[in-house]
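A.B. asks: have a look at this prediction, sequence included:
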Amino acid sequence: MRQELLSLPKGLAEEVSRNLVMVARLIDEDPEQAYAYSRIALRLASRVAAVREAAGFAAYATQKYSEALAEFRAAKRMTGSVELWPVMADCERGLGRPERALAMAGEPEVQKLDKAGQVEMRLVAAGARRDMGQLDAAIVTLQSPELASNSVQPWTARLRYAYADALLAAGREDEAREWFAKTVEADKDGAMDASDRLAELDGVEFVDALGGDEPDGIDDEDDEQDAAEVAAAERASDQAEYYDEDDEEYEPLERSEADAEVDVTDEIVVVEDEDEDEGDAQDRDKA
């Protein structure tokens, strides 16, 4: 990514980099905000493959699958890399086209993927089978040397979890329990909810000992603060310039109608407190 940004003027590269950092920071905890930052980066440097890829993942995280697929395709054209092939196939699933995802699983690009990419493609293909109601085929699709291996790799927990979930959906509870337990063994970070699924199969119920929710207003205040930060970033980006490779000159940033539809800058409305207004009016009457 750094090498790609070096093709931009220094000030522009720094601005794009800041927005990409925010995308990476927020994409898991606040996908909508990450998406907003990705749109800023996209307007500033749409000819940078890393920007198109980041925009694709941000759109994917917010279930904008058509937009994500378009960005991934653009990034693939720019780089010639096939590493995005599995997530592109999963976008087809998100668009309700599991048969296309399956077709992609049989394309030559899959053979060019590294081991992690091939496992990811297998997971997508199994998901497509389930989308089509082919549970037994999904189970067979997941059966692989990677699943049978005792070696724990970054993809092991997800592969075992998907297999256990497919078994459970097929009514094979004993086998599902076994594979959920194996998932727990491989999931060192506790990223999956395999232990909860295993407990459910064993009839264990969990009770929230703490109870209650966050105090009213806290989440709203955080959301308002985040929205204000993004709005400020939007306004700053609107004043930025971008580099046009064709003219080799700086040009004012122009916003297309498509970008206008996703503009996160909202009009700020100030609402005065009615009680305070009434109190002021009474004070004036007394005076």
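C.D. replies: That came through fine.

A.B. asks: please enumerate the strands of the stretch 101-250 of the chain.
C.D. replies: 241-244, 249-252 (DSSP state E, counting those that start in this stretch).

A.B. asks: check contacts around the most centrally placed residue in the chain.
C.D. replies: Centroid-nearest residue in the chain: residue 61, 2.4 Å away (criterion: CA atoms, centre = their mean). For residue 61, the contact set (CB atoms under 8 Å, 6 or more residues apart in numbering) comprises 27-28, 31, 34-35. All C-beta spots, glycine's among them, are computed from the backbone N, C-alpha and C.

A.B. asks: which one of those residues has the most neighbours?
C.D. replies: Counting neighbours by other CB atoms under 10 Å, residue 34 leads the contacts of residue 61 with 26 neighbours.

A.B. asks: now stretch 157-173, how far from the chain's geometric center?
C.D. replies: 24 Å (CA atoms, centre = their mean, to the nearest Å).

A.B. asks: and it, average pLDDT?
C.D. replies: For stretch 157-173, mean pLDDT is 97.

A.B. asks: tabulate the CA atom coordinates of that stretch in PDB.
C.D. replies: The C-alpha coordinates for stretch 157-173 follow below in PDB (Å, rounded to 0.1, in the frame of the first residue of the first chain):
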ATOM      1  CA  ALA A 157     -11.100 -22.600  13.700                       C
ATOM      2  CA  ARG A 158     -13.300 -21.100  10.900                       C
ATOM      3  CA  LEU A 159     -13.200 -24.300   8.800                       C
ATOM      4  CA  ARG A 160     -14.000 -26.500  11.800                       C
ATOM      5  CA  TYR A 161     -16.800 -24.200  12.900                       C
ATOM      6  CA  ALA A 162     -18.400 -24.200   9.400                       C
ATOM      7  CA  TYR A 163     -18.200 -28.000   9.300                       C
ATOM      8  CA  ALA A 164     -19.800 -28.300  12.800                       C
ATOM      9  CA  ASP A 165     -22.500 -25.900  11.900                       C
ATOM     10  CA  ALA A 166     -23.300 -27.800   8.700                       C
ATOM     11  CA  LEU A 167     -23.500 -31.100  10.500                       C
ATOM     12  CA  LEU A 168     -25.900 -29.600  13.100                       C
ATOM     13  CA  ALA A 169     -28.100 -28.200  10.300                       C
ATOM     14  CA  ALA A 170     -28.200 -31.700   8.800                       C
ATOM     15  CA  GLY A 171     -29.300 -33.100  12.200                       C
ATOM     16  CA  ARG A 172     -26.100 -34.900  13.000                       C
ATOM     17  CA  GLU A 173     -25.800 -33.500  16.500                       C
END
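
A.B. asks: run through who's touching that stretch.
C.D. replies: By CB under 8 Å, 6+ apart, stretch 157-173 touches 119, 122-123, 126-127, 130, 135-136, 138-139, 142-144, 146-147, 175-180, 182-183, 186-187, 191-192, 194, 197, 201.

A.B. asks: which parts of that stretch are buried?
C.D. replies: Residues of stretch 157-173 classed as buried under the neighbour-count rule (16 or more other CB atoms under 10 Å) are 157-168, 172.

A.B. asks: swap in stretch 82-98?
C.D. replies: 82-94, 97-98.

A.B. asks: again with stretch 124-138
C.D. replies: 124-131, 134-135, 137-138.

A.B. asks: pLDDT wise, what is residue 3 at?
C.D. replies: Per-residue confidence (pLDDT) for residue 3: 70.

A.B. asks: how close does it get to residue 50?
C.D. replies: 9 Å (CB to CB, to the nearest Å).

A.B. asks: compare neighbour counts for these two and give me the winner.
C.D. replies: residue 50 (20 against 7).

A.B. asks: so which of the buried residues of stretch 157-173 comes closest to residue 14?
C.D. replies: residue 158 (35.7 Å; CB to CB).
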